[in-house]
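Asker: Below are the sequence and a predicted model; questions follow.
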Amino acid sequence: MRIVEIADRNLELMQHLLAVWESSVKATHLFLSNDEINTIKQYVPQALQKVPQLIVAENEKGHPAGFMGVANQTLEMLFISSESRGRGIGKRLLRYGIETYSINELTVNEQNPIAKGFYEHMGFEVYKRAEFDEQGNPYPLLYMKRA
């Protein structure tokens, strides 16, 4: 696996990352319906284009297996394809982000206990809870900082 910082956010790469996102969300965000996933999916390409640092983990074939977005020492997104989960890719990406971009804060869906547990294992602690997500939907968020 290779970690690559992305400067050229071309259409082909965006399509690959959108597929990783969808695969990841369907495996981990079990509280979302398919309709909700499809609605959110419309906004993902824009988020990928706008995030200041976009870092991709490529598999041995050079295809994206996971990615993260970072802004102002905050992890904005971290998604690993369903077929690549459990191989340490998320851990490697997050460690890279902590070492390179001093990530010290993130937000996670409360209804995604696997992700919460992963971030706790990586040294983050919940310091705040919100009843709704940033779009006003009833998906509680947990705000976490590095301990």
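Answerer: The structure has been received and is ready for your questions.
Asker: quick one: buried residues of the least confident helix or strand in the chain by mean pLDDT?
Answerer: Least confident helix or strand, the chain: helix 34-41 with a mean of 91, by mean pLDDT, DSSP states H and E. Across helix 34-41, burial judged by 16 or more other CB atoms under 10 Å covers I40. Just so you know, the C-beta spots here come from the backbone N, C-alpha and C atoms, and that holds for glycine as well.
Asker: Need the contact partners of that helix.
Answerer: Here helix 34-41 makes contact (CB atoms under 8 Å, 6 or more residues apart in numbering) with 18, 21-22, 25-26, 29, 32.
Asker: With pLDDT added, can I get these in CSV?
Answerer: Converted to CSV, those look like this (pLDDT from 0 to 100):
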residue, pLDDT
L18, 97
W21, 96
E22, 96
V25, 94
K26, 93
H29, 87
L32, 86
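Asker: Run the chain-centre distance for the strand or helix carrying K26.
Answerer: For K26, the host element (DSSP states H and E) is helix 11-28. Remark: helix 11-28 is offset 10 Å from the chain centroid, using CA atoms, centre = their mean, to the nearest Å.
Asker: quick check: angle from that helix to helix 34-41?
Answerer: Counting by axes from the mean of the first three to the mean of the last three CA atoms, to 10 degrees, helix 11-28 lies at 140 degrees to helix 34-41.
Asker: if I pick Q135, what's in contact with it?
Answerer: Applying CB under 8 Å, 6+ apart, no residues contact Q135.
Asker: Does it belong to a helix, a strand or coil?
Answerer: Put simply, Q135 is coil when judged by DSSP: H, G, I helix; E, B strand; the rest coil.
Asker: switch to numbering from 53
Answerer: Taking 53 as the first residue, the last one we looked at is Q187.
Asker: State the distance from it to G169.
Answerer: 25 Å (CB to CB, to the nearest Å).
Asker: Look at V103 and report its pLDDT.
Answerer: V103 is assigned 97 on the pLDDT scale.
Asker: meant to ask about Q94
Answerer: pLDDT for Q94: 92.
Asker: Report the separation between it and D185.
Answerer: Going from Q94 to D185 by CB to CB gives 15 Å.
Asker: Among the two, which residue is more densely surrounded?
Answerer: Shown here are Q94 and D185; by other CB atoms under 10 Å, D185 has more neighbours (15 against 8).
Asker: Tell me which residues touch the more buried one, please.
Answerer: D185 sits next to 161, 191-193 when contact means CB under 8 Å, 6+ apart.
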